[in-house]
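In: next comes the sequence, and after it the predicted model I'd like to discuss.
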Amino acid sequence: MQSELRKKLLDAFTNSDGEYLSGQLLGDLLGISRAAVWKHIEELRKEGFELEAVRRKGYRILKTTKKVTADEIRLGLKTKFIGQNIHYEDSVDSTQKVALQLGLNGAKEGTIVIAEEQVSGRGRMERPWHSPKYTGVWMSLIIRPNIPIQNAPQLTLLTAVAVVQAIEEVTTLSPQIKWPNDILLNGKKITGILTELQAEADCIKSIIIGIGINVNQKLQDYPQELQEIATSLAIEAKKEINRAELIRAVFTKFEKLYDLYLQSGFQPIKLLWESYAISIGKTITARTLTKEIKGKALGITEDGVLKLEDEYGEIHYIYSADIDLENK
């Protein structure tokens, strides 16, 4: 986890708008000596930040790293609690596994587990998630909402809206959501969301939301079997994307939507989700564990359940399924 002093230092640079900050000012803000400030500055340099030091003026950050360390994400982050505690690893088995353990151990709401690489990343139904190093965003978020257990799936849909809005803000792209947890560009998958619940009896202890975003992969980075169904933001935008900037945007969008959700319920989130949904009004096939249903996707219920009208006019409520869009 980041030290509180490092957080305060990065907050100061975040709020400086590129102006120089003197060693004396930073020392006063952090409650440490100018020599101690210099040591923190040197640690940032070792991490890959390019800092300028000018006599009688102070320090300013000229260039950041291309990694997604806690310090890199923190610089420019203005959320109240999402991402204010970051657990960073260069390589992990799965960020979701780490976050689940931190959740059990009482980690603060808004804590993020993020890694440059997952060697055993997973998606819904335990499917593997391809997570090559230094290319994407592989992270898990811990939240602790005071909501009924049956409403937990709504947070998957809220997360999808937050990710879409963040991608729109950072890139020129216009993603769409495929129920329940995929985000697509030009019909290919760029993001998966995995929501897991930690609960006792009728009480939610925490919800762990795993988010995997394909950001800077090239086509050749994907295994052959994925090249037809997966893409990345860089492939679609035809340029490299700043991953830390995207992560900060996801945190900001999520926090705003989460506050709205806790204050006003699911209805405003539902309307936003449906505005981004690729399948609403289209003919789809829903494949559940026991059957296959074809029909028109009408939207989602207040619980986030997909409504499907078959050819006989019967309404089916789909709680969990793989969705295939009919190509026309």
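Out: Cool, the structure landed.
In: wouldn't Pro132 be in contact with Lys218 here?
Out: No: with contact defined as C-beta atoms under 8 Å, Pro132 does not count as touching Lys218 (10.1 Å). Backbone N, C-alpha and C define where each C-beta goes, glycine included.
In: neighbour count winner among these two?
Out: Using other C-beta atoms under 10 Å as the criterion, Pro132 and Lys218 rank with Pro132 on top: 16 against 10.
In: that one sits in which helix or strand?
Out: For Pro132, there is no helix or strand it lies in under DSSP states H and E.
In: cool, and the one 10 residues further on?
Out: Assigned by DSSP H and E, Ile142 belongs to strand 137-143.
In: just the C-alphas of stretch 262-276, formatted as PDB.
Out: Output of stretch 262-276 as PDB, limited to C-alpha atoms (Å, rounded to 0.1, in the frame of the first residue of the first chain):
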ATOM      1  CA  LEU A 262     -26.700   4.800  -3.300                       C
ATOM      2  CA  GLN A 263     -28.700   8.000  -3.300                       C
ATOM      3  CA  SER A 264     -31.300   7.400  -6.000                       C
ATOM      4  CA  GLY A 265     -31.300   3.600  -6.600                       C
ATOM      5  CA  PHE A 266     -30.800   1.600  -9.800                       C
ATOM      6  CA  GLN A 267     -33.200   3.500 -12.100                       C
ATOM      7  CA  PRO A 268     -30.800   6.200 -13.400                       C
ATOM      8  CA  ILE A 269     -28.100   3.500 -13.800                       C
ATOM      9  CA  LYS A 270     -30.600   1.300 -15.700                       C
ATOM     10  CA  LEU A 271     -31.400   4.100 -18.200                       C
ATOM     11  CA  LEU A 272     -27.700   4.800 -18.800                       C
ATOM     12  CA  TRP A 273     -26.900   1.100 -19.200                       C
ATOM     13  CA  GLU A 274     -29.700   0.700 -21.700                       C
ATOM     14  CA  SER A 275     -28.500   3.700 -23.700                       C
ATOM     15  CA  TYR A 276     -25.100   1.900 -24.200                       C
END
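In: same question for that stretch, mean pLDDT?
Out: Mean pLDDT, computed over stretch 262-276, is 95.
In: what residues does that stretch touch?
Out: 145-147, 151, 154, 157-158, 160-161, 164, 175-177, 257, 260-261, 280, 299-300, 302-304 (C-beta atoms under 8 Å, 6 or more residues apart in numbering).
In: that stretch: which residues count as buried?
Out: Counting neighbours by 16 or more other C-beta atoms under 10 Å, one finds that the buried residues in stretch 262-276 are 266, 269-270, 272-274, 276.
In: among those residues, which lie within helices?
Out: 269-270, 272-274, 276 (DSSP state H).
In: contact partners for the closest residue to Thr69 other than its chain neighbours?
Out: The shortest distance from Thr69 to any non-neighbouring residue, by C-beta to C-beta, 6 or more residues apart in numbering, is to Tyr88 (5.3 Å). Counting by C-beta under 8 Å, 6+ apart, Tyr88 makes contact with 68-70, 114-115.
In: return a PyMOL selection command for the buried portion of these.
Out: With 16+ other C-beta under 10 Å as the criterion, this PyMOL line picks the buried residues out of the contacts of Tyr88:
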select buried, resi 68+69+70+114+115
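In: just the strands in the stretch 151-300 of the chain please.
Out: Applying DSSP state E, counting those that start in this stretch to the stretch 151-300 of the chain gives strands spanning 176-178, 182-185, 188-200, 203-213, 283-287, 292-300.
In: show me the one of these that comes nearest Asp93.
Out: strand 203-213 (12.7 Å; C-beta to C-beta).
In: partners of the closest one in the sheet?
Out: Here strand 203-213 is paired, per DSSP bridges, with strand 137-143 (antiparallel), strand 188-200 (antiparallel).
In: so which of these is the most surrounded?
Out: Compared across the strands paired with strand 203-213, strand 137-143 shows the largest average neighbour count, a mean of 25 (mean count of other C-beta atoms under 10 Å).
In: output that one as CSV, nothing but the C-alphas.
Out: The C-alpha trace of strand 137-143 is given here as CSV (Å, rounded to 0.1, in the frame of the first residue of the first chain):
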residue,chain,number,x,y,z
VAL,A,137,-5.7,-2.8,-17.2
TRP,A,138,-6.1,-5.8,-14.8
MET,A,139,-7.6,-4.7,-11.5
SER,A,140,-10.1,-5.5,-8.8
LEU,A,141,-12.1,-3.0,-6.7
ILE,A,142,-13.5,-3.6,-3.2
ILE,A,143,-16.7,-1.9,-2.3
